[in-house]
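Visitor: here is a sequence together with a model predicted from it:
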Amino acid sequence: MRKKCLDTIYELAKKNKKIIFIGSDLGPNVLDSFKKKFPNRFFMEGVSEQSIIGIAAGMAMEGNIPFVNTISTFLTRRCYEQIVIDLCLHNLPVKLVGNGGGLVYAPLGPTHQAIEDLSIMRVIPNMSIVAPCDEVEMEMLVRDSVKLKSPLYIRIARGGEEIISSKKENFKIGKGILKKKPGKILFISTGVMTQRTLKAAKEIEEKKSLKCGVLHVATIKPLDKKILSFWIPKVEKIITVEENILAGGFGSSILEFTSENLPNHVNKISRMGLPDRFVDKYGSQDELCEDNGLTVKNIYNLAKKTLGI
């Protein structure tokens, strides 16, 4: 997914002279083609994440479109004040691309696990947040992001995920996509967790003969209020699924929206996400997801429990 993101930025830069890439200690050979073709628009600044936010802000003020790329935890935690003051206060069109959202960097421990990035970025005024579900959606997102005139945080997953999107879906920032039409129950998921909810929905239909829907909401902020207002009243139960701590995350945003706009439907919503603690174990992403309950089996079991079957 990261490669598709960076390749798309490079392709867009060939046609748009305002696009600039700024990276932070991303390793050798990252975007070498970009560096060779556009040396005056390529900056690799080393371990100085706070500085690159200021650099990106200044470049955006001069009319450029900077894409900033580094590891999610360094980008969101270390640079938080700079993101708030330098970017969002001035509402600048800087694209923040965070590698390793959620538990991707499981082998590196809690310092690299972006378990709360959605929560802390969501509360910043003017910030938009998108978590694509696969590389096809990633490409459409990056292309659509160029015209956005305000700050954007893009959460990148591991890469190599199954392709569940199609260009026919015509992805747009701020728009949800119904992947499966619901019966009694609807999963509302974001990022790569949509891959797991689709598998859980299929299992419910095969084993319990119950129609189960999946609404993929890549844009966590701003939410697609139209699609949520349409589908939430039509089902008996809803489960939100995210690879982020529950406090202030994606599920919280769905609850907030429902409480404010559809208060009679709040009680039908259950949430699934990471617990309110640091993930202090090491292993693979799948192993840590299993340790924290974010598996197809657990999604399936929560759906059964919610429906009382």
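Guide: Noted; the coordinates are in hand.

Visitor: do a quick rundown of the helices in the protein.
Guide: Per DSSP state H, the chain carries helices over the ranges 2-15, 32-37, 49-61, 72-73, 80-82, 117-122, 135-145, 193-208, 225-231, 250-261, 285-291, 296-307.

Visitor: among these, show me which one is buried the most.
Guide: Highest mean neighbour count of the helices of the chain: helix 72-73, a mean of 25 (counted as mean count of other C-beta atoms under 10 Å). Using the backbone N, CA and C atoms, a C-beta is placed for each residue, glycine as well.

Visitor: dump the helices of the chain to CSV, plus mean pLDDT and distance to residue 274.
Guide: As requested, the helices of the chain are exported to CSV (pLDDT from 0 to 100; distance: least, C-beta to C-beta, whole Å):
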stretch, mean pLDDT, distance to residue 274
helix 2-15, 95, 21
helix 32-37, 92, 34
helix 49-61, 96, 23
helix 72-73, 96, 14
helix 80-82, 97, 20
helix 117-122, 98, 10
helix 135-145, 97, 22
helix 193-208, 95, 11
helix 225-231, 98, 23
helix 250-261, 98, 11
helix 285-291, 94, 9
helix 296-307, 94, 12
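
Visitor: the residue lying closest to residue 1 once chain neighbours are set aside: neighbour count?
Guide: Using C-beta to C-beta, 6 or more residues apart in numbering and skipping residues adjacent in sequence, the residue nearest residue 1 is residue 159, 4.3 Å away. For residue 159, the count of nearby residues is 16 (other C-beta atoms under 10 Å).

Visitor: residues in contact with residue 159?
Guide: Shown in contact with residue 159 (C-beta atoms under 8 Å, 6 or more residues apart in numbering): 1-4, 135.

Visitor: just the pLDDT for it.
Guide: Each residue has a pLDDT score; the one for residue 159 is 79.

Visitor: need phi/psi at it.
Guide: With angles defined as degrees, to the nearest 10, residue 159 sits at phi 100, psi 150.

Visitor: so how far is residue 303 from it?
Guide: 28 Å (C-beta to C-beta, to the nearest Å).

Visitor: same question for residue 288.
Guide: 22 Å.

Visitor: max-length strand in the chain?
Guide: Ranked by residue count under DSSP state E, the longest strand found in the chain is strand 237-245.

Visitor: who does that one pair up with?
Guide: strand 185-189 (parallel), strand 269-274 (parallel) (DSSP bridges).

Visitor: next up, the contacts around residue 287.
Guide: Residue 287 neighbours (C-beta under 8 Å, 6+ apart): 106, 281.

Visitor: and it, how close does it get to residue 161?
Guide: Residue 287 is 17 Å from residue 161, where distance means C-beta to C-beta.

Visitor: likewise for residue 294?
Guide: For residue 294, the distance to residue 161 - C-beta to C-beta - is 14 Å.

Visitor: residues in contact with the closest residue to residue 104 other than its chain neighbours?
Guide: Nearest-residue entry for residue 104: residue 158, 4.7 Å, with adjacent residues in sequence omitted and distances by C-beta to C-beta, 6+ apart. Contacts for residue 158 (C-beta under 8 Å, 6+ apart) come out as 1, 100, 104, 192, 285.

Visitor: switch the cut-off to 10 Å
Guide: 1-2, 99-106, 192, 284-286 (C-beta atoms under 10 Å, 6 or more residues apart in numbering).

Visitor: and stretch 76-85, how far out from the chain middle?
Guide: 18 Å (C-alpha atoms, centre = their mean, to the nearest Å).

Visitor: what does stretch 33-42 give?
Guide: 27 Å.

Visitor: the closest residue to residue 112 other than its chain neighbours - how many residues pack around it?
Guide: Distances taken as C-beta to C-beta, 6+ apart place residue 105 nearest to residue 112, at 3.7 Å, with adjacent residues excluded. Per other C-beta under 10 Å, the neighbour tally for residue 105 reads 21.

Visitor: next up, phi/psi of residue 105, please.
Guide: The phi/psi pair for residue 105 (degrees, to the nearest 10) is phi -90, psi 50.

Visitor: identify the residues contacting residue 105.
Guide: Taking C-beta under 10 Å, 6+ apart, one finds 71-73, 99, 111-114, 158, 285, 288 in contact with residue 105.

Visitor: now with 8 Å, please.
Guide: Residue 105 is in contact with 71, 73, 112-114, counting by C-beta under 8 Å, 6+ apart.
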